[in-house]
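# build me a model:
(chains A and B, ligands or ions: 4)
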There are 2 protein chains.
Amino acid sequence: MTQPCIICVAITGSVPQKSDNPAVPITVPEQVESTHAAYEAGAAIAHCHVRNDDGSTTSDPEKFARLKEGIEAHCPGMIVQLSTGGRSGAGKARGGMLPLRPDMASLSVGSNNFPTRVYENPPDLVDWLASEMLRYDVKPEIEAFDLSHILRARQMADAGQLAGTPYVQFVMGVKNAMPADREVFDFYVKTVHRLFGTDAPWCAAGIGRHQIELNDWAIAAGGHART
Amino acid sequence: MTQPCIICVAITGSVPQKSDNPAVPITVPEQVESTHAAYEAGAAIAHCHVRNDDGSTTSDPEKFARLKEGIEAHCPGMIVQLSTGGRSGAGKARGGMLPLRPDMASLSVGSNNFPTRVYENPPDLVDWLASEMLRYDVKPEIEAFDLSHILRARQMADAGQLAGTPYVQFVMGVKNAMPADREVFDFYVKTVHRLFGTDAPWCAAGIGRHQIELNDWAIAAGGHART
Ligand SMILES: [Zn+2]
Ligand SMILES: [Zn+2]
Ligand SMILES: [Zn+2]
Ligand SMILES: [Zn+2]
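Residues are numbered from 1 along each chain as shown, chains lettered A, B, ... in the order given. Ligands and ions are numbered 1, 2, ... in the order given. Predicted coordinates for the structure are as follows:
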């Protein structure tokens, strides 16, 4: 466990609204400012969603471009990771920002339930998003909402659909998906080691009240933390 | 491992057509005949799908009623399990046969990818199917296409949505869902033992070329086999 701990900061996310917490940054300048504070505090990766002015989610490439530029100007060396998640758009609109060539982008490789609906990642869309990431030299972060997603990443890497060693993020604590379960977490780590090698980087995100718990587990087990 | 081995036979399934294999039973009389042969050979559970006359899948309660009657007449004591799977219908049509009060019905509690599409089991439909099974005293077989589905079954049992100890079936080898992976299989068994007790029954189904392999694993580990 000699790797330095990487802190990945998720500015804004896709769910919270100003009505939940007035401190949530919504506009691009607010997001850049908030990312800069996290950068000063040591965060190495900025996981980015963007919003419309009314706070609703979007995948608008123009908004992503301004956010990426702002972070690059204010946070030199910080890794910019743009979300292709399904809460912000549908179908190929989810990958419309990949031509911006961010350092990284999130990639869901399977489907699962969310609190009130199905998180749909149909196989052909997954394949297309992966191919766009190869085309624009964007490193994917595999969002593992369930165990099979880790095994699917291995298959996709074997098929040449992912460049290099996949960087897997375990997402735990989403209602109706995988709960924050310690034995499952340990098996996730074991599976990443088995499939990608003991040096493969990984990170973990706990949703809501599970955030701190997952950070503790991840840092103690040699992974990276999403805050 | 002193439980007798239960053989569960899936007559017809939801995918194969006569054009794939002329021996696939499609009509209800063909299905009853084929189930009877499996019963004579020792199968204890009949996992049932029904088809339209043209071979396409359906959830038609009238067809299910005739199949259930035929099996009960020809195979005394055999457990009849009707499929509520999404390959045979959409929305609440998937549960339209539950008022027939079969011994068991399959229940998917999460979503996942299938070879070419998303297998959609939205939370409200899962809750409704479970409530109908309680109402008509139908024992669910939890179809675990991924690890979180086993944990979800535990949560649903805790919430009073499932009666008794859930009976979990591991489904492995479906493209884009969970592959037939030995370490995952062992962790599935471990998770069932942890969450439902070491006496909890479970079974495993390998799809296509993985069928025999999964039967071997399941029988050696004290589970039941789906053929
Ligand atoms: Zn991360
Ligand atoms: Zn995100
Ligand atoms: Zn079975
Ligand atoms: Zn079935």
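# and the residue in chain A positioned nearest to ligand 1, how far is that from chain B?
Nearest residue of chain A to ligand 1: residue A:8, at 3.1 Å (CB to the ion). Using the backbone N, CA and C atoms, a C-beta is placed for each residue, glycine as well. Going from residue A:8 to chain B by CB to the nearest CB, to the nearest Å gives 23 Å.
# so that residue, which state does it fall into?
Assigned with DSSP: H, G, I helix; E, B strand; the rest coil, residue A:8 falls in the strand class.
# so it touches residue A:47, yeah?
Yes - in this structure residue A:8 lies within contact range of residue A:47 using CB atoms under 8 Å: 5.6 Å.
# which SSE is immediately downstream of the worst-scoring helix or strand of chain A on mean pLDDT?
None of the helices or strands of chain A scores lower by mean pLDDT, DSSP states H and E than strand A:7-11, at a mean of 73. Downstream of strand A:7-11, the next assigned helix or strand under DSSP states H and E is helix A:28-40.
# hey, C-alpha coordinates of the next helix-or-strand element following that next one in PDB?
Downstream of helix A:28-40, the next assigned helix or strand under DSSP H and E is strand A:45-48. In PDB, the C-alpha atoms belonging to strand A:45-48 read as follows (Å, rounded to 0.1, in the frame of the first residue of the first chain):
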ATOM      1  CA  ILE A  45      -9.400  14.300  -9.200                       C
ATOM      2  CA  ALA A  46     -12.500  16.400  -9.900                       C
ATOM      3  CA  HIS A  47     -15.500  14.200 -10.800                       C
ATOM      4  CA  CYS A  48     -17.800  16.600 -12.600                       C
END
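# most centrally placed residue in chain A?
Centroid-nearest residue in chain A, with CA atoms, centre = their mean: residue A:106, separated by 4.4 Å.
# that residue is in contact with residue A:87, isn't it?
No - taking contacts as CB under 8 Å, residue A:106 lies outside contact range of residue A:87: 11.0 Å.
# now do the contacts for residue A:9.
With contact taken as CB atoms under 8 Å, 6 or more residues apart in numbering or on different chains, residue A:9 is in contact with A:35, A:38, A:43, A:45, A:46, A:47, A:226, A:227.
# which parts of chain A are helices?
With helices called from DSSP state H, chain A shows them at A:28-40, A:61-74, A:123-135, A:147-158, A:182-196, A:211-220.
# any idea which of the ones you listed gets closest to residue A:165?
Distance to residue A:165, taken as CB to CB, is lowest for helix A:182-196 among those, at 5.3 Å.
# give me the number of residues near the closest residue in space to residue A:116 that isn't next to it in sequence?
Leaving aside its chain neighbours, residue A:116 sits nearest to residue B:123 (6.2 Å; criterion: CB to CB, 6 or more residues apart in numbering or on different chains). Residues near residue B:123, counting by other CB atoms under 10 Å in any protein chain shown, number 19.
# please name the residues that touch the residue of chain A closest to ligand 1.
Contacts of residue A:8 (CB under 8 Å, 6+ apart): A:43, A:44, A:45, A:46, A:47, A:81, A:203, A:224, A:225, A:226, A:227.
# separation between it and ligand 3?
42 Å (CB to the ion, to the nearest Å).
# so in terms of bridging, what pairs with the spatially closest residue to that residue that is not a sequence neighbour?
Nearest residue to residue A:8, sequence neighbours excluded (CB to CB, 6+ apart): residue A:45, at 3.9 Å. Beta-bridge partners for residue A:45, by DSSP bridges, are residue A:8, residue A:79.
# tell me how far residue A:45 lies from residue A:34.
14 Å (CB to CB, to the nearest Å).
# follow-up on the earlier one: so the residue nearest to residue A:8 sits right up against residue A:11, yeah?
No - counting by CB under 8 Å, residue A:11 is not a contact partner of residue A:45; they are 10.8 Å apart.
# residues in contact with stretch A:35-46?
Against stretch A:35-46 from outside (CB under 8 Å, 6+ apart): A:6-9, A:11, A:48, A:70-71, A:74-75, A:78-81, A:104, A:224, A:227.
# filter these down to the buried ones.
Neighbour counting with 16 or more other CB atoms under 10 Å in any protein chain shown marks A:6-9, A:11, A:48, A:70-71, A:75, A:78-81, A:104, A:224, A:227 as buried within those.
# end-to-end on stretch A:189-208?
From its first residue to its last, stretch A:189-208 covers 21 Å (CA to CA, to the nearest Å).
# buried ones in that stretch?
For stretch A:189-208, by 16+ other CB under 10 Å, it's A:189, A:191, A:192, A:195, A:196, A:201, A:202, A:203, A:204, A:205, A:206, A:207.
# and if you look at stretch A:112-131?
Neighbour-count burial for stretch A:112-131 [16+ other CB under 10 Å]: A:112-114, A:118-123, A:125-126, A:129-130.
# likewise stretch A:97-111?
Those would be A:97-98, A:100, A:102-111, for stretch A:97-111 by 16+ other CB under 10 Å.
# stretch A:215-225 too?
Buried residues in stretch A:215-225 (16+ other CB under 10 Å): A:215, A:217, A:218, A:222, A:223, A:224, A:225.
# ok, the third one - contacts?
Applying CB under 8 Å, 6+ apart to residue A:218 gives the contacts A:203, A:204, A:224, A:225.
# next: the second one.
Taking CB under 8 Å, 6+ apart as the definition of contact, the neighbours of residue A:217 are A:182, A:185, A:204.
# what pairs with the closest residue to residue A:170 other than its chain neighbours across the strands?
Counting by CB to CB, 6+ apart, residue A:204 is the residue found nearest to residue A:170 once chain neighbours are left out, at 4.4 Å. Beta-bridge pairing of residue A:204 under DSSP bridges involves residue A:170, residue A:225.
# return the per-residue confidence for the nearest residue to residue A:91 once chain neighbours are set aside.
Closest residue in space to residue A:91, ignoring its immediate chain neighbours: residue A:125 at 6.6 Å, by CB to CB, 6+ apart. pLDDT recorded at residue A:125 is 97.
# under the pLDDT cut-off, which ranges of chain A? List them.
A:1-6, A:12-16 (pLDDT under 70).
# redo that, cut-off 80
A:1-24, A:87-89, A:225-227 (pLDDT under 80).
# who does the residue nearest to the centre of chain A bridge with?
The partner residues for residue A:106, given DSSP bridges, come to residue A:141.
# OK, contacts around residue A:129?
A:84, A:94, A:95, A:98, A:105, A:107.
# wait, the fourth one touches residue A:84, no?
Yes - Residue A:98 is within contact range of residue A:84, at 7.4 Å (criterion: CB under 8 Å).
# which neighbours do those two share?
Joint contacts of residue A:98 and residue A:84 (CB under 8 Å, 6+ apart) are A:105, A:129.
# look up how far residue B:91 lies from residue A:111.
17 Å.
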